[in-house]
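Q: sequence unknown, structure follows:
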């Protein structure tokens with residue numbers, strides 16, 4: 001680290017991009033683990049809230065993660081014809097092994113239209129529970145550094161969240177599902193040749209491998225590396241904030257400076273840990289100091305709805 005600072009050209013800031021993970025990766029996993037296998041996803045259920053963890057940009061208490069989990073289960077039951085009794089365990093295995101349940105469903109053989117899936121899963125989320133965050137807004141706008149959102153969610157979902165939080169003009173780009181994945185026109189299909197991932201783990205066979213998914217998403221290092229190339233982000237000059245230990249570890253592997261959000265306890269792969277995203281200024285005072293030295297001014301860049309990534 002000292003060597004990097006010594007070799008950095010005079011007057012050149014150490015970091016030129018802040019990358020923010022969005023949506024409930026770690027909280028979503030906690031919710032999955034807390035759902036009993038006997039729960040039927042097509043019936044409304046309650047999941048205990050884990051109040052010790054926040055998402056990167058909005059809190060678990062908003063209810064979006066819980067609602068999203070239920071909507072995914074409903075989609076699997078209603079659109080793909082999956083037995084409701086099998087959904088909790090299947091959903092958990094897919095999420096853990098493929099990054100998202102959606103990526104896992106495609107890997108094991110289900111075909112469906114990506115836009116329809118996102119419309120079903122995100123279209124009924126309680127966005128009204130999200131409240132403006134003027135404190136975070138001021139923090140972000142006070143830094144003349146490029147700021148980009150990186151989410152596994154679709155573009156519509158990301159824009160709705162940012163608008164409800166009052167942060168829509170605080171970022172210069174969004175890396176989302178559409179950034180990394182081409183459109184799909186398939187209709188939902190209940191495949192007869194679906195790979196039985198539950199049986200795969202119950203009765204492991206020597207040499208048997210999990211099928212690969214056609215979907216790119218976090219925490220895949222391939223997906224993250226590809227996303228940074230598309231958005232022209234230099235990992236060595238970027239800080240990555242995320243609430244998921246898996247995403248943080250992948251980010252570290254591709255060279256990002258990593259910050260785990262939602263806890264003060266560092267995990268493997270995290271350079272730093274923050275209880276809240278609001279603690280950025282205390283954790284990185286040098287960002288503001290360098291901005292003042294260079295005569296930086298307030299930087300805002302409203303994200304255009306039709307654009308997934310703004311360079």
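A: Structure's in. What do you need? Note that the structure is a prediction, hence the values are computed from the model and not measured.
Q: what's the neighbour count on the nearest residue to residue 268 once chain neighbours are set aside?
A: Nearest residue to residue 268, sequence neighbours excluded (Cβ to Cβ, 6 or more residues apart in numbering): residue 249, at 6.3 Å. To be clear about C-beta, it is placed using only N, CA and C from the backbone, and glycine gets the same treatment. By other Cβ atoms under 10 Å, 18 other residues sit near residue 249.
Q: For residue 249, pull up the helix or strand it's in.
A: Using DSSP states H and E, residue 249 sits in helix 245-253.
Q: residue boundaries of the strands in the protein?
A: For the chain, applying DSSP state E gives strands covering 17-22, 146-151, 173-175, 238-242, 257-261, 272-274.
Q: so where is the protein shaky, pLDDT-wise?
A: 1-11, 23-61, 185-187, 189-192, 294-311 (pLDDT under 70).
Q: how about the helices of the stretch 151-300 of the chain, start to end?
A: 155-165, 177-180, 197-202, 221-230, 245-253, 280-283, 285-293 (DSSP state H, counting those that start in this stretch).
Q: Ok, the stretch 1-150 of the chain next?
A: Counting by DSSP H, counting those that start in this stretch, the helices of the stretch 1-150 of the chain are 2-7, 25-34, 64-78, 87-98, 101-107, 114-122, 134-141.
Q: and the longest one, what other elements does it pack with?
A: With contacts defined as 3 or more Cβ pairs under 8 Å, 6 or more residues apart in numbering; DSSP states H and E, the secondary structure elements packing on helix 64-78 are helix 25-34, helix 87-98, helix 101-107, helix 114-122.
Q: so which of those helices comes closest to residue 211?
A: helix 101-107 (5.0 Å; Cβ to Cβ).
Q: Tell me which residues of that closest one come out buried.
A: 101-107 (16 or more other Cβ atoms under 10 Å).
Q: Closest to residue 17 out of those?
A: residue 103 (25.7 Å).
Q: any idea how far residue 236 is from the nearest residue to that closest one once chain neighbours are set aside?
A: Counting by Cβ to Cβ, 6+ apart, residue 215 is the residue found nearest to residue 103 once chain neighbours are left out, at 4.0 Å. Distance from residue 215 to residue 236, counting by Cβ to Cβ, to the nearest Å: 27 Å.
Q: The two: which has the busier surroundings?
A: residue 215 (22 against 12).
Q: can I assume that one is in contact with residue 106?
A: Yes. Using Cβ atoms under 8 Å, residue 215 is in contact with residue 106, at 5.4 Å.
Q: give me the number of residues near residue 193?
A: For residue 193, using other Cβ under 10 Å, the count is 6.
Q: do the same with the one 3 residues further on
A: Neighbour count for residue 196, taken as other Cβ under 10 Å: 12.
Q: With the flanking residues excluded, which residue is spatially nearest to it?
A: Residue 196's closest residue in space is residue 108 (Cβ to Cβ, 6+ apart), at 7.9 Å.
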